[in-house]
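Asker: Pasting the sequence and the predicted model now:
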Amino acid sequence: MSMIDIIYGTKILEMTYELLRAAAVDNLLRVDTNVVIKPNLVVAKPANEGATTHIEIVEGIIRFLKDCGVVKLVIAEGSWLGENTGRAVSCCGYDVLVKRYGLKFIDTKKDKVVKKNMHGLELGICATFFENDFLINVPVLKGHCQTKITCCLKNLKGCIPDSEKRHYHNIGLHKPIAVLNTILKPNLHVIDGICGDPTFEEGGNPVAANRILIGFDPVLLDSYCAGLIGYLPDEIGYIRYAKEYNVGNLFNENTKIREYRKENRPQTTSRNQSQLVQELTQLIDERNACSACYAALIFALNKSGIRNLGKRISEKIKIGQDFRNEKATGLGIGDCTKGCRHNVAGCPPSAIDIIQVLKRM
C-alpha cells in the first residue's frame, strides 16, 4: 500500500490507538490471529534518550489488539551484542507491561534458531517469528553509526541470535539486513518517531519530533524516514538492496501521506537538550516552532556538519510560527517563514530538503 499515516502530539498511547484505527488495522485481524510485537530494546536505556521504543506505543498496540478480540499475543526482542535483554526489558518497563496484560516476553537471544537460504545467504532466524500470523514491527527512527539510519528494515535484526549478528557484521550489514526482510515480512510497521537520536543507535542525543508513523511497506517507510532525518534513500545500502529484492517500493510523488492531529504538534523546548543539540540551537532563531519542523532543522544541521562552521554563518536560521506574515533576511524553515529571503517550504519540511538549500547557500 503506497500510503503513510502520521500522527503528532505527546499523548503517545492515545495517538497510537487512534492511528491504528485510522489505518483500519482492525480489518486485518481475527479473534484467532496469533500476533508478535517486535519493539526496539537494543540497550538498557529509557526511551526518552532516543534509542528504545516508547512503552506507551506498545501498550497502545496491545489495547487496540485486545479491543479487536485478539488473545494470542507475545512481545519478542533481543538486545544488541554485549547487552542483556532482561536489563533492557526492566529499564524500559516492559516487565511491568507484560505482567499488567498477562502476556509473555520472549528473549530472542534464548530462542531456537531456524536456518533459511535466500539470495545466496544462509541466515539463522529465531523460531518465534515463524510461529505467528501477524508480525508488528515497532522500530525507533534514529541514526546509526554504520548504516546511517535504522528504522523498519534494520529493526528485524533483533529477530536473529547473537551468533548471527556477528555473522552480519562479518559479511557486511546491508545485504543480510535486506535478505532478512525477504524472509520475515511484518504485516504492519508502527514507527516510534517521538525523540530518536539522529547520531547513534545507542541514544543520548534525542531530538523531539513527537510523531508516530504507520505503514505496510518497509522500503516505502524507510526511504521516507531517511529524508526526514537528512538522507537520500540511495545513501542507505540496505534500502537499495531491499528495493532490488522487491521487498517494497521507494517513497515517491505518488505516495499518499495522511497526517492527523497536526494542531497537536507541541512547541519545541530548550529543556533537557544534549550538548550536541545545544550546540546546534546556537545557530537558530526559534520563535514558537512546532516540534516536527524544529526536529527536521536539527537533523539537517547535524547531517550537514554545519555546527563546525558556526562562525561563518552571518545570520541565525529562522523558524517558528511567530515569523508568520513577517519579512526577514536570511534563511527561514517551514511555511511559517515564507517571508524570509530564502525559505525551505513545508509543514514540516524534510531534513533532506533543508540540507539541499544549505548546500546551495
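Answerer: That came through, no problem.

Asker: Domain-wise, how is this structure divided?
Answerer: Using automatic domain parsing, the domain parsing of the chain gives 3-263, 275-360.

Asker: Kindly reformat those domains as a markdown table and extend each row with mean pLDDT and mean neighbour count.
Answerer: To be clear about C-beta, it is placed using only N, CA and C from the backbone, and glycine gets the same treatment. Formatted as a markdown table, the domains of the chain follow (pLDDT from 0 to 100; neighbours: other Cβ atoms under 10 Å):
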| stretch | mean pLDDT | mean neighbour count |
| --- | --- | --- |
| domain 3-263 | 95 | 20 |
| domain 275-360 | 84 | 19 |
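
Asker: Helices along the stretch 1-150 of the chain, start to end?
Answerer: Using DSSP state H, counting those that start in this stretch, the helices of the stretch 1-150 of the chain run over 12-22, 55-67, 85-91, 94-101.

Asker: what's the first one packed up against?
Answerer: Identification of packing neighbours for helix 12-22 by 3 or more Cβ pairs under 8 Å, 6 or more residues apart in numbering; DSSP states H and E yields strand 3-8, helix 55-67, strand 188-193, strand 211-215, strand 256-260.

Asker: Restrict that helix to CA atoms and write it as PDB.
Answerer: Written as PDB, here are the backbone C-alpha positions of helix 12-22 (Å, rounded to 0.1, in the frame of the first residue of the first chain):
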ATOM      1  CA  ILE A  12       1.600   8.600  23.000                       C
ATOM      2  CA  LEU A  13      -0.700   5.800  24.000                       C
ATOM      3  CA  GLU A  14      -3.800   7.600  22.700                       C
ATOM      4  CA  MET A  15      -2.000   8.600  19.500                       C
ATOM      5  CA  THR A  16      -1.000   5.000  18.800                       C
ATOM      6  CA  TYR A  17      -4.600   3.700  19.300                       C
ATOM      7  CA  GLU A  18      -6.100   6.500  17.100                       C
ATOM      8  CA  LEU A  19      -3.600   5.900  14.300                       C
ATOM      9  CA  LEU A  20      -4.200   2.100  14.300                       C
ATOM     10  CA  ARG A  21      -7.900   2.900  14.000                       C
ATOM     11  CA  ALA A  22      -7.300   5.400  11.200                       C
END
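
Asker: List of residues touching it?
Answerer: 5-9, 26, 54, 56-57, 59-61, 63-64, 190, 194, 212, 214, 258, 260-261 (Cβ atoms under 8 Å, 6 or more residues apart in numbering).

Asker: Throw the helices and strands packed on helix 12-22 into CSV and include distance to Gly332, thanks.
Answerer: CSV is the format used below for the helices and strands packed on helix 12-22 (distance: least, Cβ to Cβ, whole Å):
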stretch, distance to Gly332
strand 3-8, 21
helix 55-67, 33
strand 188-193, 24
strand 211-215, 22
strand 256-260, 21
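
Asker: Indicate which one of those is closest to Thr85.
Answerer: helix 55-67 (15.1 Å; Cβ to Cβ).

Asker: which residues are in contact with that closest one?
Answerer: Identification of contacts with helix 55-67 by Cβ under 8 Å, 6+ apart yields 12-17, 20-21, 25-26, 29, 35, 37, 39, 47, 73, 75, 92-94, 97, 101, 103, 136, 138, 190, 192, 194, 212.

Asker: which one is Tyr8 nearest to, not counting chain neighbours?
Answerer: Arg265 (4.6 Å; Cβ to Cβ, 6 or more residues apart in numbering).

Asker: unless I'm mixing things up, that neighbour is touching Ala295, no?
Answerer: No: under the criterion of Cβ atoms under 8 Å, Arg265 is not in contact with Ala295, lying 10.0 Å apart.

Asker: Now do the SS call for Ala208.
Answerer: Local secondary structure at Ala208 is given as coil here, using DSSP: H, G, I helix; E, B strand; the rest coil.

Asker: That one touches Cys195, doesn't it?
Answerer: Yes: counting by Cβ under 8 Å, Ala208 does reach Cys195; the two are 4.8 Å apart.

Asker: what sits in contact with each of these two?
Answerer: Counting by Cβ under 8 Å, 6+ apart, nothing touches both Ala208 and Cys195.

Asker: show me where the stretch 201-350 of the chain has helices.
Answerer: So, for the stretch 201-350 of the chain - with DSSP H, counting those that start in this stretch - the helices run 218-228, 237-244, 275-281, 291-304.

Asker: Including distance to Asn181, could those go into a markdown table?
Answerer: Conversion of the helices of the stretch 201-350 of the chain to a markdown table gives the following (distance: least, Cβ to Cβ, whole Å):
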| stretch | distance to Asn181 |
| --- | --- |
| helix 218-228 | 6 |
| helix 237-244 | 6 |
| helix 275-281 | 31 |
| helix 291-304 | 24 |
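
Asker: so which of those gets nearest Ala178?
Answerer: Smallest distance to Ala178 across these (Cβ to Cβ): 3.4 Å, for helix 237-244.
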